[in-house]
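Chemist: Sharing a model that was predicted from the sequence below.
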Amino acid sequence: MKYPGTIIKRGSRNVDAVKFVQNVVGVSVDGFFGAGTEAYVKSWQKANGLSADGMVGPASWAVMLDSQAQKPEEVAGPKVNLASGSVVVTGDKGADIMNMVTVDRTEWDMTEPERAAKRSWSQVTGIEIHYTGSPEPKSLTFSDKRQWLLNIERYHEKTKGWSDIFYNMFVFADGEVWLGRNPLVQSQASLFNWLTVHVPGTVGMELTEIQKSKIAAMADIVGGSLRGHQERSATGCPGESAMRFIKSYRAGSYEPVAPIDWEAIALWVEAVKSAHPDWIQSDEGRWYGWDGEAVVEIPTEQVAERLAAKAAKEAAAKAAAKEAARIAAEEAARLEAERAAAEEKAQKAAEEAARLEAERLAEEAAAEVAAEVARLEAERVAAEAAAVAAAEQEAFIRANRVAAEANEMKDERSVETDETEGSCCKRDQETEISGLLRQLINWLISIFKK
Ligand SMILES: [Zn+2]
């Protein structure tokens, strides 16, 4: 893995880099760089001749890469009990057991001198399980685990007067394996072929799956023998839970649980980060948040405070949303009123246009009527004129007739008197004049008729 470019230290959020470091320094690999990992890094740095500041910079990283390249894990081998982290079996019993160790004796007990081996790994053929019968250590932090082991050591060495802490190894509830008495020094004479393994904190609760898988791996490695202290002497040790597990292992019915799902953990961490600052609750009911660099557990009283603040914030947001909705409704009503007014205006304009059109049509009709009236009047005038002309013609005719009658009467009189004084000429003249007059009247009549 390439150096990530920034120093990996306590609180570091680069989960992959932290896991790499944890794998190298031998702490349980959980991707969270806390106090425990820091302590392991320091002791690893010290062991590798580096400045023990607990921070992994380029120098420490380079040595870590080298050490990984040389690790026997790189050699393919059969794997057993993969419940947490891989336990690699190379066939070298001692190397395989010691590869499972997370914390060496000197890391938690600086003053204890290394005791010389009294047996070889080939002579170790079984695992004997013990417990203390108390729910300890207080927590799974490095310092609580260390303090608890120091208490046991003091009890064994000072109170009991034994040469050393009794147990060869400890498997904690988180799967960490801590070294006690040199594994090549038996706990007592009768345990020459047995590795004594203590499972802390099991009173009133089940062994954790990871504890079971680590113990099963140890038993596999040493040859398959696994027993509880109570199977050797009269004691309740190592408790019911451990005994149930031991019997299922021997019956071949023990199945390690699925490996830890680191992807799920990474997703959970991302969820915590994205949920910040509202925090999220784990399955166990504890609260976690992202402090900008790492996932941190939130104290209960802070959670209550924060939840109250969150509720208040949500209430305020709800009120603001309500107010916004009210304003929007008002605006909608205003727009609707505007629309209605515009519609009414358009309606009126349409009505006015219709009215004007009707007026225009009426005017047109009136004009047509007027034209008809004028035409009829003209006809009437023409008819009148014709009537007048007819009357005048009648009058002429009558006048003509009257004139003709008058002439006839005159003729008759002249016939009586014509014999004298050559009045014939005068009569002829008169006759000629009345003929001309008749002609004139006829001409006028023809003109009128036209
Ligand atoms: Zn015991």
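Modeler: That came through fine.
Chemist: Double-check that residue 128 belongs to a strand.
Modeler: Yes - under DSSP: H, G, I helix; E, B strand; the rest coil, residue 128 sits within a strand.
Chemist: OK, contacts around residue 303?
Modeler: Shown in contact with residue 303 (Cβ atoms under 8 Å, 6 or more residues apart in numbering): 279, 287. Glycine gets a C-beta too; all of them are placed from N, C-alpha and C.
Chemist: Go again with 10 Å.
Modeler: Taking Cβ atoms under 10 Å, 6 or more residues apart in numbering as the contact definition, residue 303 lies against 279, 281, 286, 287, 289, 297, 310.
Chemist: Can you say which helix or strand has it in it?
Modeler: Per DSSP states H and E: residue 303 is located in helix 300-417.
Chemist: Pass me the low-pLDDT residue ranges in the stretch 201-350 of the chain, would you?
Modeler: Applying pLDDT under 70 to the stretch 201-350 of the chain flags residues 202-205, 258-263, 277.
Chemist: Kindly recompute the last result at 80.
Modeler: Along the stretch 201-350 of the chain, segments meeting pLDDT under 80 span 201-205, 257-286, 290-295, 300, 306-307.
Chemist: Surely residue 61 is in contact with residue 20?
Modeler: Yes - using Cβ atoms under 10 Å, residue 61 makes contact with residue 20 at a distance of 8.8 Å.
Chemist: which residues are common contacts for these two?
Modeler: Residues touching both residue 61 and residue 20 by Cβ under 10 Å, 6+ apart: 1, 4, 8.
Chemist: how many neighbours does the second one have?
Modeler: The reference is to residue 4. Per other Cβ atoms under 10 Å, the neighbour tally for residue 4 reads 15.
Chemist: Nearest residue to the middle of this structure?
Modeler: Relative to the mean C-alpha position of the chain, the nearest C-alpha, by Cα atoms, centre = their mean, is the one of residue 274, at 11.6 Å.
Chemist: check contacts around that residue.
Modeler: Contacts for residue 274 (Cβ under 10 Å, 6+ apart) come out as 280, 290.
Chemist: is it true that it lies in a strand?
Modeler: No - counting by three-state DSSP, residue 274 falls outside a strand, being helix.
Chemist: from now on call the first residue 43
Modeler: Will do, 43 is the new start, and the previous item becomes residue 316.
Chemist: From residue 422, how far out is it?
Modeler: Distance, residue 316 to residue 422, by Cβ to Cβ, to the nearest Å: 103 Å.
Chemist: Please save the CA atoms from stretch 172-188 in CSV.
Modeler: This file holds the C-alpha atoms of stretch 172-188, laid out as CSV (Å, rounded to 0.1, in the frame of the first residue of the first chain):
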residue,chain,number,x,y,z
HIS,A,172,-9.7,-20.6,32.2
TYR,A,173,-11.6,-17.6,33.4
THR,A,174,-11.6,-15.3,36.4
GLY,A,175,-15.3,-15.4,37.2
SER,A,176,-15.6,-11.6,37.2
PRO,A,177,-16.8,-9.2,34.5
GLU,A,178,-13.5,-7.6,33.9
PRO,A,179,-11.6,-5.7,32.5
LYS,A,180,-13.8,-2.5,32.8
SER,A,181,-13.5,-1.9,29.1
LEU,A,182,-11.6,-3.0,26.1
THR,A,183,-9.3,-0.1,26.0
PHE,A,184,-5.6,-0.8,26.0
SER,A,185,-5.1,0.7,29.5
ASP,A,186,-8.0,-1.1,31.1
LYS,A,187,-6.8,-4.4,29.7
ARG,A,188,-3.3,-3.7,30.8
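Chemist: So what's the model's average confidence on it?
Modeler: For stretch 172-188, the mean pLDDT works out to 87.
Chemist: Buried residues in that stretch, which are they?
Modeler: 172, 173, 174, 178, 179, 182, 184, 187, 188 (16 or more other Cβ atoms under 10 Å).
Chemist: Give me the domain ranges for the protein.
Modeler: According to automatic domain parsing, the chain comprises the domains 57-113, 138-293, 304-340, 344-491.
Chemist: Figure out how far the first one is from the centre of its chain.
Modeler: The chain centroid and the centroid of domain 57-113 are separated by 37 Å under Cα atoms, centre = their mean, to the nearest Å.
Chemist: again, but for the third one
Modeler: If you compare the mean C-alpha spot of domain 304-340 with that of the full chain, they lie 18 Å apart, counting by Cα atoms, centre = their mean.
Chemist: Report the buried residues of that domain.
Modeler: Across domain 304-340, burial judged by 16+ other Cβ under 10 Å covers 307, 310-311, 314-315, 318, 321-322, 329-332, 336-338, 340.
Chemist: of these, closest to the ion?
Modeler: Using Cβ to the ion, residue 307 comes nearest to the ion of the buried residues of domain 304-340, at 34.1 Å.
Chemist: show me what contacts the closest one?
Modeler: Residues in contact with residue 307 (Cβ under 10 Å, 6+ apart) are 57, 61, 72, 73, 74, 337.
Chemist: Now the buried members of these.
Modeler: Looks like these have 57, 61, 72, 73, 74, 337 buried, using 16+ other Cβ under 10 Å.
Chemist: Pull up the residues of the chain that are close to the ion.
Modeler: Counting by Cβ under 5 Å from the ion, the residues of the chain close to the ion are 172, 271, 279.
Chemist: got the residue ranges for the strands in the chain?
Modeler: In the chain, the strands defined using DSSP state E lie at 121-122, 129-130, 168-172, 211-213, 219-221, 236-240, 267-270, 322-323, 329-332, 337-339.
Chemist: Tell me which of those strands lies nearest to residue 143.
Modeler: Taking Cβ to Cβ, strand 219-221 is the member of those nearest to residue 143, at 5.1 Å.
Chemist: what's the closest one packed up against?
Modeler: Judged by 3 or more Cβ pairs under 10 Å, 6 or more residues apart in numbering; DSSP states H and E, strand 219-221 is in contact with helix 135-141, helix 147-150, helix 184-196, strand 211-213, helix 251-264.
Chemist: Just put those in CSV and tack on distance to residue 223.
Modeler: Formatted as CSV, the helices and strands packed on strand 219-221 follow (distance: least, Cβ to Cβ, whole Å):
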stretch, distance to residue 223
helix 135-141, 14
helix 147-150, 8
helix 184-196, 9
strand 211-213, 9
helix 251-264, 15
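Chemist: Look up how far residue 184 lies from residue 76.
Modeler: Taking Cβ to Cβ as the measure, residue 76 falls 8 Å from residue 184.
Chemist: Find residues that contact each of these two.
Modeler: Common contacts of residue 76 and residue 184 (Cβ under 10 Å, 6+ apart): residue 69.
Chemist: What sits closest to the residue in the stretch 293-442 of the chain that the ion sits nearest to if chain neighbours are left out?
Modeler: Residue of the stretch 293-442 of the chain nearest the ion, by Cβ to the ion: residue 296 (20.8 Å). Computed as Cβ to Cβ, 6 or more residues apart in numbering, the closest residue to residue 296 that is not its neighbour in sequence is residue 290, at 4.4 Å.
Chemist: Could you do residue 191 as well?
Modeler: Take residue 191 and drop its neighbours on the chain: the residue closest to it by Cβ to Cβ, 6+ apart is residue 150, 5.7 Å away.
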